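In: what follows is a predicted protein model with its sequence.
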Amino acid sequence: MEVIGKVKLISETQTFGSNGFRKRELVVTTDEQYPQMIMIEFVQDKCDLLNNYSVGQDVKVSINLRGREWINPQGEAKYFNSVQGWRIESLAQAAPSQIPPTEQFQAAPDLSSDEPDDLPF
């Protein structure tokens, strides 16, 4: 699955527990009639994927939906969902090719109608 939109927030990397679990959050605002602010988690080595991105950039984020069950002390099941990112791409417009203005081209010499036509049609 993918989320496309503009980067609203990139959090600092958070570290949890003695084993050093790392998590970083990205918020992307979608561009639709009713824009959504989607929080996407990047974990462990994927945290570093966000280093080259900044607020305001247009991005496409590849995600997985994750769900888990937790049984509370009273024996009741609770369910949690998360959106986990695993790839991010910039959607910045590529720079237009450097086509020189027409003034820089030399005009073609006068051609006579006796010259053969090399067009295939």
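Out: Now that the structure is in, tell me what you want to look at.
In: what is the burial count for G56?
Out: 8 (other Cβ atoms under 10 Å). To be clear about C-beta, it is placed using only N, CA and C from the backbone, and glycine gets the same treatment.
In: could you look up the SS state of it?
Out: coil (DSSP: H, G, I helix; E, B strand; the rest coil).
In: against K78, how distant is it?
Out: Counting by Cβ to Cβ, to the nearest Å, the separation of G56 from K78 is 37 Å.
In: ok, residues contacting whichever strand or helix holds G67?
Out: Using DSSP states H and E, G67 falls within strand 58-71. With Cβ atoms under 8 Å, 6 or more residues apart in numbering as the test, strand 58-71 has contacts from 1-7, 26, 28, 40, 53, 77-92.
In: likewise stretch 75-90?
Out: With Cβ under 8 Å, 6+ apart, stretch 75-90 has contacts from 3, 26, 38-43, 46, 49-50, 53, 57-72.
In: just the buried ones from those residues?
Out: The neighbour-count test (16 or more other Cβ atoms under 10 Å) applied to the contacts of stretch 75-90 identifies 3, 26, 38, 40-42, 46, 49-50, 53, 57, 59, 61, 63 as buried.
In: output the residues you listed as TSV; include the columns pLDDT.
Out: Listed next are these as TSV, based on pLDDT from 0 to 100:
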residue	pLDDT
V3	97
L26	98
I38	98
I40	98
E41	98
F42	98
K46	96
L49	97
L50	97
Y53	96
Q57	96
V59	97
V61	97
I63	97
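In: which one of those residues is nearest S11?
Out: L26 (7.5 Å; Cβ to Cβ).
In: surely that closest one is within a strand?
Out: Yes - if the criterion is three-state DSSP, then L26 is within a strand.
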